[in-house]
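# pasting the structure only:
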């Protein structure tokens with residue numbers, strides 16, 4: 001006569017099945033996210049290998065002007081004096097060529113770029129990034145405040161989101177500052193965005209946050225009723 005499972009053993013088996021199912025769902029979810037942002041993975045690798053022409057090709061395919069990119073930019077390469085000052089501030093806080101510590105950054109010392117600063121937490125080693133702070137003037141120009149959201153929350157419907165993710169990941173991996181100026185498609189009200197991404201390290205020396213200054217360019221009024229791209 002076959003042995004019957006006790007109620008407790010059945011409960012354990014069901015719990016194990018749920019756990020295995022959740023694990024597979026988690027794996028499948030991660031794979032789906034990786035597929036969704038495979039353009040970002042390609043652009044990140046292009047950044048790490050200085051293949052800027054590959055990134056330019058993505059912008060051109062989407063009807064946008066190619067971006068300008070510079071690793072560890074010199075002062076004369078930075079287009080806005082506020083970003084220049086932010087770069088100098090970060091370098092003063094950095095020690096022995098290592099990225100500045102997140103503990104060394106004092107928001108009260110950055111009044112010169114108030115409203116145009118973002119602070120992002122690095123999640124899962126750079127798989128995603130959460131906006132801890134999203135500058136009020138950036139939000140005003142963008143049209144919404146995304147404090148508390150992650151970069152991947154935007155989805156990949158806009159090529160530029162993949163570009164953002166790629167630049168943040170590249171800075172996290174290298175620990176080097178990165179300057180980018182990109183030019184949204186003609187329908188956008190903002191002619192350009194210049195972003196200076198500065199890595200911040202934790203007590204173990206790992207990049208755990210990013211300090212980002214972002215300055216919008218010329219304002220372009222759009223025709224009544226026109227819906228511009230988000231970026």
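Perfect, thanks for sending it. Everything quoted here is computed from the prediction, not taken from an experiment.
# tell me the average confidence for stretch 108-122?
In this model, stretch 108-122 carries a mean pLDDT of 95.
# Can you name the secondary structure element that comes next after the helix or strand of the chain with the lowest mean pLDDT?
Ranked by mean pLDDT, DSSP states H and E, the helix or strand of the chain with the weakest confidence is helix 7-36, at a mean of 47. Next helix or strand after helix 7-36 toward the C-terminus (DSSP states H and E): helix 38-48.
# following that following helix, which helix or strand shows up next?
Toward the C-terminus, helix 38-48 is succeeded by helix 52-61 as the next helix or strand (DSSP H and E).
# I would like the residues contacting that next one, please.
Helix 52-61 is contacted from outside by 39, 42-43, 46-47, 65-67, 69, 159, 162-163, 166, 182, using Cβ atoms under 8 Å, 6 or more residues apart in numbering. The C-beta positions use only the backbone N, C-alpha and C, and glycine is treated the same way.
# Buried residues in it, which are they?
55-56, 58-59 (16 or more other Cβ atoms under 10 Å).
# what do you get for stretch 122-131?
122, 126-131.
# For those residues, give me TSV that also has distance to residue 78.
Listed next are those as TSV, based on distance: Cβ to Cβ, whole Å:
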residue	distance to residue 78
122	23
126	24
127	29
128	27
129	22
130	26
131	23
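# Which stretches in this structure count as strands?
65-71, 100-101, 117-123, 128-134, 178-183, 193-201, 207-216 (DSSP state E).
# contacts for the last one?
It refers to strand 207-216. Applying Cβ under 8 Å, 6+ apart, the set of residues contacting strand 207-216 is 79-80, 82-83, 86, 90, 99-100, 102, 105, 113, 116-122, 126, 129, 132, 135, 138, 141, 168, 171-172, 175, 190, 192-202.
# Mark which of those are buried, thanks.
Counted by 16+ other Cβ under 10 Å, these give 79-80, 82-83, 86, 90, 99-100, 102, 105, 113, 116-122, 126, 129, 135, 138, 141, 168, 171-172, 190, 192-201 as buried.
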